[in-house]
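Student: need a 3D model of the following:
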Amino acid sequence: MTRPRTSRPPAVKEWRLNLYLSEHDPDTTARIVLDTGDNVLESHAEARRNPYDPDVPEIGDELAAGRALIAMGRRLLRAADGDIKAVGADDTEEDLSPLWLDRE
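Tutor: As a prediction, this is how the structure comes out:
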């Protein structure tokens, strides 16, 4: 016979992410600050408009922000990989390291 599961409310956490965009034609810089309550992580990225392309600031914003979000994702994966190793957990199921480059 199966035992009923104990019901408990799901754990809910809120992480705050701020995205700052700065434009200095032809460059757009994105800076992301992620506050998890326990840690603060930052990532940066840039986009540069080709001088022969039309000036559409939204495109630079999208490129820089997208690149900074990807960089933040990689930072989070790297942090999780380090935490997995620090607690001695078996991480043979999934190797996260191919998701970032050594130079990042």
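
Student: centroid residue for this structure?
Tutor: Per C-alpha atoms, centre = their mean, the C-alpha nearest to the average position across the chain is that of residue 72, at 2.1 Å.

Student: ok, now which ones touch that residue?
Tutor: Applying C-beta atoms under 8 Å, 6 or more residues apart in numbering, we find residue 72 in contact with 17, 32, 34, 41, 43. Quick note: C-beta positions are derived from backbone N, CA and C, even for glycine.

Student: switch to 10 Å and redo it
Tutor: If you count contacts by C-beta atoms under 10 Å, 6 or more residues apart in numbering, residue 72 has them with 17, 19, 30, 32, 33, 34, 41, 42, 43, 44, 45.

Student: which SS class is the nearest residue to residue 29 once chain neighbours are set aside?
Tutor: Closest residue in space to residue 29, ignoring its immediate chain neighbours: residue 22 at 4.6 Å, by C-beta to C-beta, 6 or more residues apart in numbering. Three-state assignment for residue 22 (DSSP: H, G, I helix; E, B strand; the rest coil): strand.

Student: what is the burial count for residue 22?
Tutor: 12 (other C-beta atoms under 10 Å).

Student: could you do residue 73 as well?
Tutor: 13.

Student: residue 82 too?
Tutor: Residue 82, neighbours per other C-beta under 10 Å, totals 11.

Student: mind listing what's buried in the least confident helix or strand in the chain by mean pLDDT?
Tutor: Scoring the helices and strands of the chain by mean pLDDT, DSSP states H and E places helix 57-86 at the bottom, with a mean of 93. Within helix 57-86, the residues that count as buried by 16 or more other C-beta atoms under 10 Å are 60-61, 63-65, 67-69, 71-72, 74-76, 78, 81.

Student: measure the residue nearest to the centre of the chain to residue 37 for me?
Tutor: Using C-beta to C-beta, to the nearest Å, residue 72 is found at 16 Å from residue 37.
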